[in-house]
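**Student:** coordinates only, sequence not included:
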Ligand code: BG6
């Protein structure tokens, strides 16, 4: 275990401490952090939940989660015991004052024991209905007063619409200052996503061509082979637009389209990202069908396995109109990107799991090579592969060896795992580390969240009032409905299959 005296003693409270997110993601990430990087010298993890559990039972559950999901694999008893010493369980109702006074008393005890002030992190790993409640009680208990010492963390979805997101943000702001609110989008913790800024702004090579003069269009694909995996209850109310586009895909769009930041200051970067969202051309209600298409999977195959349709999934209405696929075209109205389409698509039960951003460059202004030299000719492109192949590919034309001049597209590849020896932290690890350092760079600010909702509201409103007659409109294991091809082909563009 590595510890660092410079990081403030920390009380890491998880509401929903007996839940799945805590077991699967948060505690394994904290364990990995303690293994590979420095953790606060004094750290207590307090899991708060309704069910009756002893500290020992909770630790056992967490140990099991760490064995299953941490990067370290199965953990030796000795190492686990050392880590588990700091874990406590507190049974409590999230809507009762006593829960919060007990928490406050516990923080006080730890301050005495450690002879130091503590920083308090309150992580809401609860169902979204609690997001509006917990901050209120924390505020009333006086646990949100000290700006530098108290932080609240919220998972997506931040609201179900622009209005509900605004309401939620107002609720947070009643108890916490914006600088204390950490809205998690785990995509921002992925190494390959963080690398987009390094690629663009730490090299003088790409920025001069990263604009409308050279770029013809951009595609952002986040494809999943999995279905909804026992999350029917949540997903059927959310759908792909809320679940993926409003957050993950919008964040990727921001990173690709933003202007260079002046410094690495959290607000400077977040300002530049918010500028992108503000520049997205609003989609009018009567244009929704030209800019956005939706799909829902029917039965089909996932690899060699037969899989059921979305409507047959557990927890889903048998006549559900929820979309499991979205493709959309966005235009960013500014000097850099005027008239360059950004195509976004995401879906469940697609042929493969893959997240990729493709920057498709324009054709050369004049083809000086003989026609027969360039039959195979393709414009250059950069593929930023977020997952599972983490890396970047630059595709360009090369001369084939031989006496004749024949051109062929070739790839220059950078692969993370080959270039670096690791460790390769998981997204949650990186984000929890930032959280303990009070670094909000990779967290969403309220204005960004609201700007993203603002773009999508006309789509949601039109979809709410028009029944998707053709659902299900794609078979599981295919690349989504035909209308997604139509959307991009209208301008002679195409989705590029995973590299
Ligand atoms: C979550 C969505 O935010 O991201 C899930 O709620 C989705 O529906 C998941 O499966 C995808 O994350 P990743 O890291 O596996 O691409």
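**Tutor:** Arrived safely, thanks for sending. Quantities reported herein were computed from a predicted structural model and do not represent experimental measurements.

**Student:** tell me which residues in the strand or helix carrying residue 449 are buried?
**Tutor:** Assessed by DSSP states H and E, residue 449 sits inside helix 446-465. For helix 446-465, a neighbour-count test (16 or more other CB atoms under 10 Å) marks 446-453, 455-456, 458-460, 462-463 as buried. To be clear about C-beta, it is placed using only N, CA and C from the backbone, and glycine gets the same treatment.

**Student:** How about residues contacting that helix?
**Tutor:** 158-159, 161-162, 165-166, 169, 172-173, 178, 181, 183, 241-242, 245-247, 250, 254, 270, 273-274, 277-278, 280, 282-285, 288-289, 291-292, 294, 323, 328, 330 (CB atoms under 8 Å, 6 or more residues apart in numbering).

**Student:** now with 7 Å?
**Tutor:** The set of residues external to helix 446-465 that reach it, using CB atoms under 7 Å, 6 or more residues apart in numbering, is 158-159, 161-162, 165-166, 169, 178, 183, 241, 245-246, 250, 270, 273-274, 277-278, 280, 283-285, 288, 292, 294.

**Student:** which among those end up buried?
**Tutor:** 158-159, 161-162, 165-166, 169, 183, 241, 245-246, 250, 270, 273-274, 277, 280, 283, 288, 292, 294.

**Student:** Take those residues and keep only those in helices.
**Tutor:** 162, 165-166, 169, 250, 270, 273-274, 277, 288 (DSSP state H).

**Student:** Report the two of the residues you listed separated the most.
**Tutor:** Distances among those were taken as CB to CB; the most separated pair is 270 and 288, at 28.4 Å.

**Student:** quick one: the spatially most central residue of the chain from residue 165, how far?
**Tutor:** Centroid-nearest residue in the chain, with CA atoms, centre = their mean: residue 187, separated by 2.7 Å. Separation of residue 187 from residue 165 (CB to CB, to the nearest Å): 18 Å.

**Student:** Doesn't residue 413 belong to a strand?
**Tutor:** Yes - under DSSP: H, G, I helix; E, B strand; the rest coil, residue 413 falls within a strand.

**Student:** Pretty sure it sits against residue 393.
**Tutor:** Yes - counting by CB atoms under 7 Å, residue 413 does reach residue 393; the two are 5.2 Å apart.

**Student:** out of those two, which sits in the more crowded spot?
**Tutor:** Set residue 413 next to residue 393 and count neighbours by other CB atoms under 10 Å: residue 393 wins out with 18 against 15.

**Student:** if we can go back for a sec, let me know the closest of the ones in helices among the buried ones among the contacts of helix 446-465 to residue 236.
**Tutor:** residue 165 (20.0 Å).

**Student:** Enumerate every residue touching the closest residue to that closest one other than its chain neighbours.
**Tutor:** Spatial nearest neighbour of residue 165, excluding adjacent residues (CB to CB, 6 or more residues apart in numbering): residue 159 at 3.0 Å. Neighbouring residues of residue 159 by CB under 7 Å, 6+ apart: 165, 168, 453.

**Student:** Likewise for residue 52?
**Tutor:** Applying CB under 7 Å, 6+ apart, we find residue 52 in contact with residue 91.

**Student:** Regarding it, what is its secondary structure?
**Tutor:** Looking at residue 52 with three-state DSSP, the answer is coil.

**Student:** do residue 11 as well
**Tutor:** Residue 11 - assigned by three-state DSSP - is strand.

**Student:** wait, it sits on residue 46?
**Tutor:** Yes - contact criterion CB under 7 Å: residue 11 and residue 46 qualify, at 6.4 Å.

**Student:** any idea of the mean pLDDT in stretch 194-207?
**Tutor:** For stretch 194-207, mean pLDDT rounds to 96.

**Student:** Can you check the pLDDT for the nearest residue to residue 127 once chain neighbours are set aside?
**Tutor:** Spatial nearest neighbour of residue 127, chain neighbours left out: residue 16 (7.7 Å); criterion: CB to CB, 6+ apart. With respect to pLDDT, residue 16 scores 96.

**Student:** go on, the one 10 residues further on?
**Tutor:** Residue 26 carries a pLDDT value of 97.

**Student:** That one against residue 124, yeah?
**Tutor:** No - the pair residue 26 and residue 124 fails to qualify as a contact (CB under 7 Å) at a distance of 11.2 Å.

**Student:** related to what we said a few turns ago, closest to residue 70 out of the contacts of residue 159?
**Tutor:** Nearest to residue 70 among the contacts of residue 159, with distances taken as CB to CB, is residue 168, at 31.5 Å.

**Student:** Quick check: the gap between that closest one and residue 129.
**Tutor:** Per CB to CB, residue 168 is found 11 Å from residue 129.

**Student:** same question, residue 93
**Tutor:** 13 Å.

**Student:** Compare neighbour counts for those two and give me the winner.
**Tutor:** Each of residue 93 and residue 129 has its neighbours counted (other CB under 10 Å); residue 93 has more, 12 against 8.

**Student:** List phi and psi for the residue nearest to residue 132 when sequence neighbours are not counted.
**Tutor:** Excluding its sequence neighbours, the residue lying closest to residue 132 (CB to CB, 6+ apart) is residue 171, at 4.8 Å. Note on residue 171: its backbone torsions stand at phi -60, psi -50 [degrees, to the nearest 10].

**Student:** Can you list the residue ranges for strands in the stretch 1-150 of the chain?
**Tutor:** Using DSSP state E, counting those that start in this stretch, the strands of the stretch 1-150 of the chain run over 3-4, 10-15, 39-40, 43-49, 87-91, 119-124, 150-155.

**Student:** By mean pLDDT, flag the weakest helix or strand of this structure.
**Tutor:** None of the helices or strands of the chain scores lower by mean pLDDT, DSSP states H and E than strand 3-4, at a mean of 66.

**Student:** got a pLDDT number for the residue of the chain most remote from its centre?
**Tutor:** Most distant residue from the mean C-alpha position of the chain: residue 403, 49.7 Å away (CA atoms, centre = their mean). As predicted, residue 403 sits at a pLDDT of 91.
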